[in-house]
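Colleague: task: produce atomic coordinates for the following.
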Amino acid sequence: MYQVILPLLIGGGVVFLYGLVSLLRIGRRPKDLPPGPPTVPILGNLHLMPRDKPHLQFQKWAEEYCPIYSLILGTKTYIVLSSPTTVKEILDKKSAIYSSRPDMFLGQEVVSDDQRFVTMKYGPMWRSIHKMMHNSLNITTAVAYIPYQDLENKDMMVGFLDDPDAFMHHVRRYTNSLTTQMVFGFRTIAKDDPRLLRFFENFEEWAKIVGAGSALALDLFPVLRGVRNFLPSYREAKNLNMKESALYMEHWTATKARIYDGTALPCFSFDVLKAQKAEGFSDTQAAYITGSLLEGGSDTTSGILVGFIQAMMMFPEVQKTAQAHIDRVVGPDRLPTLDDAKDLQYIRACVKESIRWMPTVLLGVPHSNLQEDFYEGYRIPEGSTIINNVWTINMDPKRNPNPRTFDPTRFENDFQSEHESATNKDPDQRQNWIFGTGRRLCQGMHIAERSLFMGMARMLWAFNFDRALDEHGAPIPVDINDLVGGVTVQPADFKVKITPRSQEKADIIRKAWKECEDTLLDPVTKQWIKVPPGMKFATSVQKDLGL
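Modeller: Numbering: from 1, shown residues only. Model prediction:
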């Protein structure tokens, strides 16, 4: 009997020891990886990750471990890139293997049915959507959206006159309405539009779920997905999936119906419908394709503009300089336009400095590599999570002295467009890291750049932005480093006193908006009566769809 039991005991012991050794290897940093903070078994560096303001800890590690370092979080390897050169040489030059996304079980698979474009893994579906977006958002096509931007900007300016305390909501409506026109063909006419409120509530809830510790645990230790039904965050993700899918499907099916009955205004959804007819993907996929573009166009631009308003309030000398510059070029009798951009270099510099100073995506959107790679003798395992450490690069005092000072003169001699900056062969000539890298470069940056310029130029032409005072007449404290959000951030709520620079300027704004209402918009619905000329989608759409 011992002859039977003894081998079983020995075999079981070997299996146990092998399993124990394998378990204890989890969390260790292999010697050929980039350096990083010391690890502990199982957790790796997970115990060192702060709950709040992780970008500041990533910045400290970059100072200690140089431009490329690694973190071991449970079963996953993170490679953090903290210099323009490392980002350029890895994510840009090797984009063929670094264009995927890491696992995001709750945020992508559960909430988004694996359809959310920004977090979608690289593959045929991603390439198909990317091609559609490029056709609709490239630098040539983007010019056609200027009438939309002009109209929505004037609407926002009237909002500042009528209800300046709600400035954040006016900014959100501005960026959201521009995007709903481009994607679905309708305007968001009010800051309290239920669809707008549902959209931002859903997006904020998505960011909260993605940032939750349980979401990270499910990605770092996939074995835990077996007990996901017991996790509150999983149930919250399933609930959000229903709410988000309902909103995007509502947008998509309504637009699709208008296309078929011939009442839809030309928009990106025409291209999606043509692709759906050709490739046969579902309405759920089509809804998320269009919904993903709505996300990309609504959130980041509004966060930068809110940051700019805060900067003008906190750095009044910059505001005065910018206003004097606009006054010399534009004068008091008309609103600035995009045609003035060539003569308003200081305002263009304000756009660039706002992108640097208020980077709404502090740690970028993570990449993942499709195969093992090597960089300067370090190994980067296949499937690693690659972090573009945006905050650290933007706040590097060697590149940008006094980095938390808002100083547009950093860019007074930078005449590049944002796309030219993002694709410059010299990595040190780029500052706009929020637009992504490599094949994941933001398709809509041309539109975002114009929206930012028009917003800033007209705000400064028309308004003063001053510190709000308390009941004792003292300035209400504002912390420029207090940022809120998850995947994307913006300044925490703050008070600002917004006043017209003159009654004449206020009258010009109201007159400009009245002309839009009288000549461009339906008096009841406040939607476009007809599409502005030059719109890409305005030719042969019914014929192309076989309708």
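Colleague: where in the stretch 351-500 of the chain is pLDDT low?
Modeller: Judged against pLDDT under 70, the stretch 351-500 of the chain has no low-scoring part.
Colleague: show me where the stretch 1-150 of the chain has helices.
Modeller: 2-25, 54-65, 84-87, 124-137, 139-142, 146-162 (DSSP state H, counting those that start in this stretch).
Colleague: again, but for the stretch 151-300 of the chain
Modeller: Using DSSP H, counting those that start in this stretch, helices in the stretch 151-300 of the chain cover 167-184, 194-211, 213-220, 232-261, 268-279, 283-314.
Colleague: between those, which one is closest to residue 155.
Modeller: Within the helices of the stretch 151-300 of the chain, the stretch nearest residue 155 is helix 167-184; the backing value is 7.1 Å (CB to CB). C-beta here means a position set from N, CA and C on the backbone, and glycine is covered the same way.
Colleague: kindly format the C-alpha coordinates of that closest one as CSV.
Modeller: Coordinates of each C-alpha in helix 167-184 appear next as CSV, following Å, rounded to 0.1, in the frame of the first residue of the first chain:
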residue,chain,number,x,y,z
PHE,A,167,-20.1,78.6,-18.1
MET,A,168,-19.1,74.9,-17.8
HIS,A,169,-22.5,73.8,-19.1
HIS,A,170,-22.3,76.3,-22.0
VAL,A,171,-18.9,74.9,-22.9
ARG,A,172,-20.1,71.3,-22.8
ARG,A,173,-23.1,72.2,-25.0
TYR,A,174,-20.8,73.9,-27.5
THR,A,175,-18.5,70.9,-28.0
ASN,A,176,-21.4,68.3,-27.8
SER,A,177,-23.6,70.1,-30.3
LEU,A,178,-20.8,70.4,-32.8
THR,A,179,-20.2,66.7,-32.5
THR,A,180,-23.9,65.7,-32.7
GLN,A,181,-24.2,67.7,-35.9
MET,A,182,-21.1,66.0,-37.4
VAL,A,183,-22.2,62.5,-36.3
PHE,A,184,-26.0,62.5,-36.3
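Colleague: orientation of it relative to helix 232-261 in degrees?
Modeller: 50 degrees (axes from the mean of the first three to the mean of the last three CA atoms, to 10 degrees).
Colleague: identify each buried residue in helix 167-184, please.
Modeller: 167-184 (16 or more other CB atoms under 10 Å).
Colleague: where does pLDDT dip in this structure?
Modeller: 1-25, 534-547.
Colleague: can you rerun that using 50?
Modeller: 4, 6-9, 11-23, 538-540 (pLDDT under 50).
Colleague: how far away is the residue nearest in space to the middle of it from residue 357?
Modeller: Centroid-nearest residue in the chain: residue 300, 4.4 Å away (criterion: CA atoms, centre = their mean). Counting by CB to CB, to the nearest Å, the gap from residue 300 to residue 357 is 14 Å.
Colleague: neighbouring contacts of stretch 412-426?
Modeller: Contacting residues not belonging to stretch 412-426 are listed as 139, 345-346, 348-349, 352, 355, 429-432, 435, 437, 441, 445-446, 448-449 [CB atoms under 8 Å, 6 or more residues apart in numbering].
Colleague: using CSV, write out every CA atom in it.
Modeller: Output of stretch 412-426 as CSV, limited to C-alpha atoms (Å, rounded to 0.1, in the frame of the first residue of the first chain):
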residue,chain,number,x,y,z
GLU,A,412,5.4,82.3,-29.6
ASN,A,413,7.7,81.0,-32.4
ASP,A,414,5.8,77.7,-32.9
PHE,A,415,3.7,78.0,-36.1
GLN,A,416,2.9,74.3,-36.5
SER,A,417,-0.6,73.1,-36.7
GLU,A,418,-1.5,70.5,-34.0
HIS,A,419,-1.2,67.7,-36.6
GLU,A,420,2.2,69.0,-37.8
SER,A,421,3.3,69.1,-34.1
ALA,A,422,2.0,65.6,-33.5
THR,A,423,3.8,64.1,-36.5
ASN,A,424,7.0,66.1,-36.3
LYS,A,425,10.1,63.9,-36.8
ASP,A,426,11.8,65.8,-34.0
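Colleague: so which bits of that stretch are buried?
Modeller: When neighbours are counted by 16+ other CB under 10 Å, the buried residues of stretch 412-426 are found to be 416, 417, 418, 419, 421, 422.
Colleague: residue 31: which of those is nearest?
Modeller: residue 422 (35.2 Å).
Colleague: re the thing from before, mind listing which of the buried residues of stretch 412-426 are in helices?
Modeller: Among the buried residues of stretch 412-426, DSSP state H puts 418, 419, 421, 422 in helices.
Colleague: which one of the residues you listed is nearest to residue 271?
Modeller: When those are ranked by distance to residue 271 (CB to CB), residue 419 comes first, at 21.1 Å.
Colleague: give the contact list for the closest residue to residue 241 other than its chain neighbours.
Modeller: With sequence-adjacent residues excluded and distances taken as CB to CB, 6 or more residues apart in numbering, residue 241 is closest to residue 111, at 5.0 Å. Residues near residue 111 by CB under 8 Å, 6+ apart: 206, 209, 237, 240, 241, 244.
Colleague: and residue 111, how far is that from residue 234?
Modeller: For residue 111 relative to residue 234 (CB to CB), the value is 10 Å.
Colleague: and for residue 309?
Modeller: Residue 309 is 38 Å from residue 234, by CB to CB.
Colleague: do residue 325 as well
Modeller: 53 Å.
Colleague: ditto for residue 402
Modeller: In terms of CB to CB, residue 402 sits 45 Å off from residue 234.
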